[in-house]
Every structure is written in C-alpha cells, then in structure tokens.
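Engineer: This is a predicted model, with the sequence first.
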Amino acid sequence: MDAPRVCTSDQSLERLAERLCLAGWRMPALALLSTASPLSFLGQQLLLLTQPLWGASPLGRYAAILQQPAACDELALLLSEEPAR
C-alpha cells in the first residue's frame, strides 16, 4: 500500500511556503523543519501562537497540515528551493 498522500492540496503548502518567505521566515522555518521534525506538534502550536502576525489566514488548516510528517517534508522541500526573483 502506498504512503498516504497529504490530504490537502499542494497549493496550501505552496501558499504557506510563500507566506513564510515573504515574512522573512524562510531560513528559520527551514532550520526548524530540518532539525525538529519529531517536534512537529510544537511547530503546529507555534503557528497558532503567531496567528496575530499573519492576520486573517487559514492558520487552523496549516496547523492541521503540519501534523502530517509528509507535509512537513514537502514544506521543507518547498522552502529549500531557490526563491523566484
């Protein structure tokens, strides 16, 4: 049986990666995902705690996405790509 696909669309992860880059959090987020992937629950909680910084956004959905290890890996991959100029 294949590994379960991330239940949300890749567009949600792409939007999250884009927002992290625009906020200047690309490298800190990438470092956190790379070193603390077993602590994804804390990352989820950090995302919810920083909700006021993000304004009105689908943070609950992003937090749910980050509960999935495959989604964390995909987000790290997106963040590690060279930003478009």
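Structural biologist: Looks like it came in fine.

Engineer: How many residues are close by the nearest residue to residue 10 once chain neighbours are set aside?
Structural biologist: Excluding the flanking residues, the one nearest residue 10 by C-beta to C-beta, 6 or more residues apart in numbering is residue 74, at 7.2 Å. Heads up, the C-betas are built off the backbone N, CA and C, glycines and all. Using other C-beta atoms under 10 Å, residue 74 has 18 other residues around it.

Engineer: just residue 65 next, same as before
Structural biologist: 23.

Engineer: Test my guess that it contacts residue 16.
Structural biologist: Yes. Using C-beta atoms under 8 Å, residue 65 is in contact with residue 16, at 7.4 Å.

Engineer: and stretch 65-74, how far apart are its ends?
Structural biologist: 11 Å (C-alpha to C-alpha, to the nearest Å).

Engineer: quick one: low-confidence ranges for the protein?
Structural biologist: Applying pLDDT under 70 to the chain flags residues 1-9, 36-38, 40, 43, 54-60, 82-85.

Engineer: So which residues of it form helices?
Structural biologist: Listed in chain order, the helices of the chain (DSSP state H) span 10-22, 26-35, 40-49, 51-54, 59-65, 69-80.
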